[in-house]
Each structure stands twice: as C-alpha cells, then as structure tokens.
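Student: sequence unknown, structure follows:
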C-alpha cells in the first residue's frame, strides 16, 4: 500500500465542517459556549478518534498542532454569529454534516488501508469514521440519532468509502481517489436531502 | 498464562448471533438495510472492539477475513426473512442476545488473561465484552438500555466471566473452560427469561 | 516533560468518588446490585479509559491491583446504606461528582503531557477525562446528560485542566500543580452548585 500521506488541509477541513455541525446543534439547543465547544470537539474528532482507537494508535489530533485550535475557532464562529443570521439557513447544518460525512469516510478508508487493514474492514472503518461523530453528537444531545432517520445517510458514507477503497486498491493516486469518492458521497447525500430520497424501510407486511 | 488461541468459530458464532440481534432490532424499528447492517456491525463487534481498545490493541475484526462478511450476511438474512415469519418468534431476539452475551463474556476473559491483565479486571473485561455491544445498540436505537431492565442480564455475563476466569487460572484447558462457563451464563440468562427471575432492586424503604 | 509519577491514592480517590456517583444514580433508579456495580465501573473508569484509548495505551485499571476492588467496595457501600440515610443528602451525589470531575481533569492533563501530547490537546484530554465518565453514566441511564444542564460543569473541568497544564508547563512540581488546579475546579463547580451560577446560553434573539 502507498505511504499514508493524508493532505492535512483535508483533515482540518473535514474536522472544521463536522465541528461546525456539532457547535450549531448545541447553539440551537441554547447551550453555553463551553458545551458548544465540547460538542464541536465531539463531532469534529469523534469519528476519527474511534477509527484510531480501533486501529490501536494514538488519536490523530493529540500531536497535531492545528486540529484543536481549528475546533475552538469553529466553536467561536458558531457562537458569535447571531441566531437571526441563521434564519432560513437551517439546512446549512445538514450540508456541513454532508461534507464532513463524505470527507471523513474517504479519510478513514485511506488511513485504514495504510495500516494494513483488510479491504472490507477498511471500507467499514471509513463508514465508522464518517458516521460516528454525528451519531455521538445526536446521542449525547438526546435528539433522534441521524442513523435512524429515513433519508439515506450511512449509504452516502458507504458509497464514498467503497469507491475510495476500490480506487486505492486499483492503484489510483490517493488525492484523486479520495477527492472523487468524497464528491460522489457528498452528491448522493445532497441529492437525498434535496429530493428526500429514502431507502426502502423494512417491510411492514403481515403486521396488521 | 496459556497462549491465546481462541477457536475462530466461536468468535464468528458469537459475532453472528449478536449481529443478528442488532439487525433484528433495526428491522423491527423499520429501518433501511444500510442502517440494519450498521446495527449488526455495532452489536456484533461493539463489545469486542471496546475490549480491544481498553487493551490498547487493534480491534480483532480489522485483520480478520471473515468477521465483516459474516456480519453483512447476517444483516442480509435478517433483512430478507419476511416479518410474517418472525410472528410469535419475538423471543428469538432475546435468545440470540443471550448466546452472544455468554459467548463474548468468556471470550473477553480469555483474551484479557492472555494479555496479562490482572484476574479481577480480566473478569470485568469479560462482562464489558459481553454487555457493551447490546448497550450501545440500545442507546443508539433510543430504546431503554438492556442494563436497566429488571431481569438479570449483567449477572449472567458476570457468572460466565467469573467461572471462565477461575477455571483458566486453575489451569483448565481453554476450550473446556470457555464452553462450560458460556453454557452456565446462557442457562442463567435463559432461566431469567423463562421464569422472569429478577435480582432484588435497590430498596425503596423510607421513600414514602 | 517530567516523568509521569501519578500519586496512586489520587487515582483511587478520584475513581472511588466517581464510582460512588454512578452507583448512587443506579440505586436511585432502583436498579439491582449488579447494574449498580456496572454503573460504578462505567463512571469510575470511563473518563480515564477513554483518555487511555485516545492515547493508544492499555487502560490504567487493567494492570492495577486496586482500582477494580475499590469500585466493587464503593458499589457495595452505595448499595447497603439504606435509602432513608440518603434523605436530604441528595446533593452528596453532586458533590462526589464535582470531586471526581476536578481530580480526573488534572490527572488527565498530567498523563497526557507525560505521553508527549501537545499542550492544547492535553488540556482537552483533561476535560474529556473529567467529563466522559459522567456523560456515559447519564446517557446509558437515559437521564438528561450533565453536559446539557445550564449550570457550569464542563467549565469547571476546563478551569482545572488549563490551570494544571499551564502550571506543569511552567515547571511547577506535579503534586502542587494537580492539587491547586483540582481545588480550583472543585471550588468553581461547588460555587456553581451553591449559587446556581450559569454561563450565558446561546442568545435566543430573533427567534420569536
């Protein structure tokens, strides 16, 4: 496998958009700034931290100079932009989440493959990296988990992860593989949000 | 301590029955197939993953060829068997969970002891391995955690873990120790389900 | 960085008071002794375990002879003291929690710095160590997370962590740095409990 040179701006970009979704949720629930920053942290580094804990390596943000300040700045931005400005921009929260989902999923696959994880578990690790931050955010905030909503969400992460994993295993250059896969996942999640695309739910036949 | 040769079919068997309980819960909540597979994963490898993260080693399913496919196949089975077939078989979910609980508890103790964990923490790690998958499943699904139900549940895991730990420390052959302990835990949990055995709850004396 | 010699009695003290808050919550919810002990464990070692998983090292309580017995004994104490005795002592739960919060936050910073974590992430790791046990306790018990309450809580952990981190980096002797920082965090949390000090919540301007 190619050496794991993850472009740092992607790591920071993904962290920032995910952190923003966490901070905005806390703000919407009328929490204090400190809780807001804690949610930004949880959502921003939650998925990557679980990935790193599963890999048995130190979490990526512990020795990185930029991740923690980026999260704090994101929380400050979310906190000081007045609520009025967000009026009619509710969906921004979901778009930021969609970007984080797509970016982190591909980052997770690339890192897992670089650590010699088998292909199928590596793709799963990508999905976990993309989804777990949002799941933890929702569970701790006590709102219904994004996992349980009918719109496709995990599916978009699965698409980005699978594409990225397949391209990397076929020898596609890392930047291209991750970029194309993340774009595909983002487009699918975006389409699901715009046109309310839903996967079929488990059949209710025979229950009434 | 004896070398940690865990029989792989037990790892896969335990994973499959736990994954089934996760997938069936998601199906019962009318979720999509992807969410169903995610719950199968969470429940199937959640306990073992937390055990491995506590041990500071990579999660067992990352370099294993079979675990991930077994979970996917389990999710497919849970998904495609029509609801009508499950009518009157509601308790299967609990029996599958009881098997996973007993098996994973003994697996957790054996692995912890093989990694030189002290006896008492090793037994606790067995309980954690057995219970955490189900707890995470319930918390994320937003249903009351299996921990909080009056029937004995953690107790069955504690019985299996303690028996397994004591037998291993006394030099009983690993396969026998794990088999006998898992059977004892399963029987206790099964008895609790059939005869609604409950541990005494914290006394309410003096509250009214 | 100075060698990581954490005074063991602080580790055990913090674990015991946190475990007590978990066990008392389970008792208040009329759970069984086994669940009570499980909550004592979760709350007692949850924060430190997450810290260690993020650091990529085995959890501190796995090779420690005392932590697990201390938790079991704490659970027994919480269980056998009759409810009547707790009448009018409801706030003890919160004071025990405040002590655990302050102690674990400084322990987390000191351990993180000893493992060469960068200063800012080390302070965050202190907050995580202090808060995560209580958060997990509340999420699994299904009560509103301590994070979401208006009173300042994470802020007290942030104060203790920041003070401890700054003092350690300035070369203050470890025992003094941790003691002073923990006291400051405990006093702030105590003041918040006594005088109901609350941080300003996110402004609601423009919503009605």
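Tutor: Ah, there it is. Keep in mind the model is a prediction, meaning the values are calculated, not measured.

Student: Against residue C:13, how distant is residue A:95?
Tutor: 47 Å (CB to CB, to the nearest Å). For the C-beta atoms, the positions are set from N, CA and C on the backbone; glycine is no exception.

Student: oh, I was asking about residue A:82
Tutor: In terms of CB to CB, residue A:82 sits 44 Å off from residue C:13.

Student: repeat for residue A:174
Tutor: Residue A:174 sits at a distance of 48 Å from residue C:13 (criterion: CB to CB).

Student: and what of residue A:33?
Tutor: Going from residue A:33 to residue C:13 by CB to CB gives 31 Å.

Student: more crowded one of those two?
Tutor: The neighbour count for residue A:33 versus residue C:13, taken as other CB atoms under 10 Å in any protein chain shown, is higher for residue A:33 (21 against 15).

Student: Quick check, that one in contact with residue A:78.
Tutor: No: between residue A:33 and residue A:78 there is no contact under CB atoms under 8 Å: 9.4 Å.

Student: Pull out the buried residues from the helix or strand containing residue A:76.
Tutor: Using DSSP states H and E, residue A:76 falls within helix A:67-80. Buried residues in helix A:67-80, counting neighbours by 16 or more other CB atoms under 10 Å in any protein chain shown, are found at A:67-68, A:70-72, A:74-75, A:78-79.

Student: Out of those residues, the closest to residue A:151 would be?
Tutor: Nearest to residue A:151 among the buried residues of helix A:67-80, counting by CB to CB, is residue A:78 at 23.5 Å.

Student: For that closest one, give me its contacts.
Tutor: A:20, A:23-24, A:27, A:36, A:40 (CB atoms under 8 Å, 6 or more residues apart in numbering or on different chains).

Student: change it to 7 Å
Tutor: Shown in contact with residue A:78 (CB atoms under 7 Å, 6 or more residues apart in numbering or on different chains): A:20, A:23-24, A:27, A:36.

Student: I'd like to know how far it sits from residue B:161.
Tutor: For residue A:78 relative to residue B:161 (CB to CB), the value is 44 Å.

Student: Same check on residue A:196?
Tutor: Taking CB to CB, one finds residue A:196 at 47 Å from residue B:161.

Student: out of those two, which sits in the busier spot?
Tutor: Shown here are residue A:196 and residue B:161; by other CB under 10 Å, residue B:161 has more neighbours (31 against 10).

Student: The more buried one is in contact with residue B:103, isn't it?
Tutor: No: with contact defined as CB atoms under 7 Å, residue B:161 does not reach residue B:103; the gap is 11.4 Å.

Student: about what we covered before: which member of the buried residues of helix A:67-80 is positioned nearest residue A:60?
Tutor: residue A:67 (7.3 Å).

Student: C-terminal to the helix-or-strand element of chain A with minimal mean pLDDT, what's the next element?
Tutor: In chain A, no helix or strand scores lower on mean pLDDT, DSSP states H and E than helix A:83-86, which sits at a mean of 68. Using DSSP H and E, the next helix or strand after helix A:83-86 towards the C-terminus is helix A:91-114.

Student: That next one vs helix A:67-80, what angle?
Tutor: 170 degrees (axes from the mean of the first three to the mean of the last three CA atoms, to 10 degrees).

Student: Give me the buried positions along helix A:91-114.
Tutor: Under 16+ other CB under 10 Å, the buried positions of helix A:91-114 are A:93-114.

Student: From chain B, how far out is residue A:182?
Tutor: Residue A:182 is 18 Å from chain B, where distance means CB to the nearest CB, to the nearest Å.

Student: now do residue A:43
Tutor: Between residue A:43 and chain B the computed distance is 15 Å (CB to the nearest CB).

Student: now residue A:153
Tutor: In terms of CB to the nearest CB, residue A:153 sits 8 Å off from chain B.

Student: Chain neighbours aside, what residue packs nearest to that residue?
Tutor: Once flanking residues are discounted, residue A:153 sits nearest to residue A:146: 5.6 Å by CB to CB, 6 or more residues apart in numbering or on different chains.

Student: my guess is the one you found meets residue A:137, correct?
Tutor: No: Residue A:146 lies out of contact with residue A:137 (CB under 7 Å); the separation is 8.3 Å.

Student: Tell me who's in contact with residue A:43.
Tutor: Residues in contact with residue A:43 (CB under 7 Å, 6+ apart) are A:18-19, A:21-22, A:133-134, A:137.

Student: Could you save those as CSV and add columns showing neighbour count, secondary structure and pLDDT?
Tutor: Converted to CSV, the contacts of residue A:43 look like this (neighbours: other CB atoms under 10 Å in any protein chain shown; DSSP: H, G, I helix; E, B strand; the rest coil; pLDDT from 0 to 100):
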residue, neighbour count, secondary structure, pLDDT
A:18, 31, helix, 87
A:19, 31, helix, 90
A:21, 29, helix, 84
A:22, 35, helix, 88
A:133, 30, helix, 88
A:134, 26, helix, 85
A:137, 25, helix, 87
